[in-house]
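Enquirer: Next comes the sequence, and after it the predicted model I'd like to discuss.
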Amino acid sequence: MSLIKCQNLSRAYGSKMALNNVDLTLEAGHPIALVGPNGAGKTTLFSLLLGYIRPTSGSIEVLGYAPGHPSLRNNIGALPQDAKLDPDFTLEQQLSLFAQLRGMSAKTAKREAARVLSLVQLSDALKQKPTALSHGMSKRVAIAQALIGSPKLILLDEPTAGIDPANARIIRELIAQLSDSTTFIVSSHNLDELERLCDQVVFLEQGALKQQVSIAAGNHASHYYTLQLQQADDQQVQQMLAQQPGVIKVNIAAHHTFVIEYQESATELDLQLLTLCKQQAWPYRLLLNGRSLEDTLFASH
Ligand SMILES: Nc1ncnc2c1ncn2[C@@H]1O[C@H](COP(=O)(O)OP(=O)(O)OP(=O)(O)O)[C@@H](O)[C@H]1O
């Protein structure tokens with residue numbers, strides 16, 4: 001059984017199609033990235049999966065059930081984009097309450113509150129009220145809430161938006177650590193972060209599913225090198241790289257950064273490229289096996 005199965009899924013707000021005929025099947029496993037420009041329909045998809053809103057047409061199943069089904073109550077958790085905590089209650093009180101709403105006894109719920117707070121490295125804040133927390137800490141508490149009951153699926157809408165690198169790292173490490181038992185779907189605009197975290201990317205644009213790419217180890221790395229120089233005449237370098245044996249195509253991905261697509265048979269191209277840098281006295285910054293997620297999604301083919 002698939003984790004998520006959407007067939008011809010559409011959702012309109014008035015005349016606006018927020019999602020348009022999306023067919024999507026996702027299996028449980030490593031974290032999945034959900035990306036797309038503002039207004040692409042990411043939050044709408046999350047809201048549909050959680051059963052907060054209903055499709056205008058088409059079908060949607062989570063773990064074989066329609067969203068909102070009681071069997072999903074303990075199997076799906078979420079961090080909404082604008083998660084808010086009640087300023088008047090301690091974290092222990094709030095998280096215990098959420099655990100009780102998921103069917104736990106008061107005693108178990110208290111233990112669960114302590115467990116999830118320790119997962120986000122905030123055990124010391126158990127008796128504190130949200131007003132005592134920084135923005136990054138508040139976000140971690142909101143994520144702790146999504147972890148209550150160890151659901152099989154957790155949807156995280158921009159979990160690291162607006163928080164500092166140290167807090168973002170704690171969140172990333174937590175997602176990686178829990179991924180054996182929970183599948184995370186992470187919506188974010190930070191492609192570098194998603195690339196480090198996720199194996200699969202779902203790309204929405206204007207309500208339509210544009211691409212579904214696998215970035216599992218080596219998968220999108222194959223047959224691409226990314227070469228970055230400290231200084232270069234980009235057009236000239238592009239031309240010379242394109243003339244190398246085994247090279248299919250060279251794109252200028254950014255200032256002084258070249259994505260080189262090559263034939264499988266060109267096994268020594270890395271050496272060739274470094275030799276060329278030396279011969280031409282190009283000051284090189286890095287040579288990377290593969291290409292960035294950004295380039296994978298947005299390169300013109
Ligand atoms: N409640 C609503 N009423 C009317 N239109 C809505 C509503 N919610 C979303 N939309 C519209 O649906 C489209 C998809 O919105 P959605 O919030 O799902 O996008 P998103 O990909 O999450 O965007 P962002 O990256 O900005 O969070 C947008 O055009 C948005 O304006």
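Expert: Right, received. Where do you want to start?
Enquirer: so where's the stretch 151-300 of the chain shaky on pLDDT?
Expert: Counting by pLDDT under 70, the stretch 151-300 of the chain contains low-confidence ranges at 216-222, 299-300.
Enquirer: residue ranges for the strands of it, please.
Expert: Listed in chain order, the strands of the stretch 151-300 of the chain (DSSP state E, counting those that start in this stretch) span 153-157, 183-187, 200-205, 208-214, 224-229, 247-254, 257-262, 284-289.
Enquirer: what sits up against the last one?
Expert: Read it as strand 284-289. Contact with strand 284-289 is made by 221, 224-230, 256, 270, 273-274, 277, as judged by C-beta atoms under 8 Å, 6 or more residues apart in numbering. Backbone N, C-alpha and C define where each C-beta goes, glycine included.
Enquirer: Max pairwise distance over those residues: which two?
Expert: Checking those against each other with C-beta to C-beta, the farthest-apart pair comes out as 221 and 230, at 23.4 Å.
Enquirer: neighbour count winner among these two?
Expert: residue 221 (16 against 10; other C-beta atoms under 10 Å).
Enquirer: about what we covered before: PyMOL command to pick out the buried ones of the contacts of strand 284-289?
Expert: Listed next is the PyMOL selection for buried residues among these, using 16 or more other C-beta atoms under 10 Å:
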select buried, resi 221+224+225+226+227+228+229+256+270+273+277
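Enquirer: Dump the contacts of strand 284-289 into CSV; add distance to the ligand as well.
Expert: Shown next, in CSV, are these (distance: C-beta to the nearest ligand atom, whole Å):
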residue, distance to the ligand
221, 27
224, 28
225, 32
226, 27
227, 32
228, 29
229, 33
230, 34
256, 30
270, 37
273, 37
274, 40
277, 39
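Enquirer: how about the contacts of strand 284-289 in JSON lines, adding distance to residue 178?
Expert: Formatted as JSON lines, these follow (distance: C-beta to C-beta, whole Å):
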{"residue": "221", "distance to residue 178": "25"}
{"residue": "224", "distance to residue 178": "31"}
{"residue": "225", "distance to residue 178": "34"}
{"residue": "226", "distance to residue 178": "31"}
{"residue": "227", "distance to residue 178": "36"}
{"residue": "228", "distance to residue 178": "34"}
{"residue": "229", "distance to residue 178": "40"}
{"residue": "230", "distance to residue 178": "40"}
{"residue": "256", "distance to residue 178": "39"}
{"residue": "270", "distance to residue 178": "36"}
{"residue": "273", "distance to residue 178": "39"}
{"residue": "274", "distance to residue 178": "40"}
{"residue": "277", "distance to residue 178": "42"}
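Enquirer: Ramachandran angles for the residue nearest the centre of the chain?
Expert: For the chain, residue 33 is the residue whose C-alpha lies nearest the centre (C-alpha atoms, centre = their mean; 3.0 Å). Dihedral pair for residue 33: phi -90, psi 140, per degrees, to the nearest 10.
Enquirer: My guess is it contacts residue 190. True?
Expert: No - taking contacts as C-beta atoms under 8 Å, residue 33 lies outside contact range of residue 190: 9.7 Å.
Enquirer: got the end-to-end distance for stretch 224-244?
Expert: For stretch 224-244, the separation between the terminal residues is 14 Å (C-alpha to C-alpha, to the nearest Å).
Enquirer: let me fix that: stretch 99-113
Expert: End to end - C-alpha to C-alpha - stretch 99-113 spans 7 Å.
Enquirer: Next: stretch 187-195.
Expert: End to end - C-alpha to C-alpha - stretch 187-195 spans 12 Å.
Enquirer: any bit of it sitting next to the ligand?
Expert: No - Stretch 187-195 lies out of reach of the ligand by C-beta under 6 Å from any ligand atom, never closer than 6.8 Å.
Enquirer: If anything else comes up later, I'll come back, but that's it for now.
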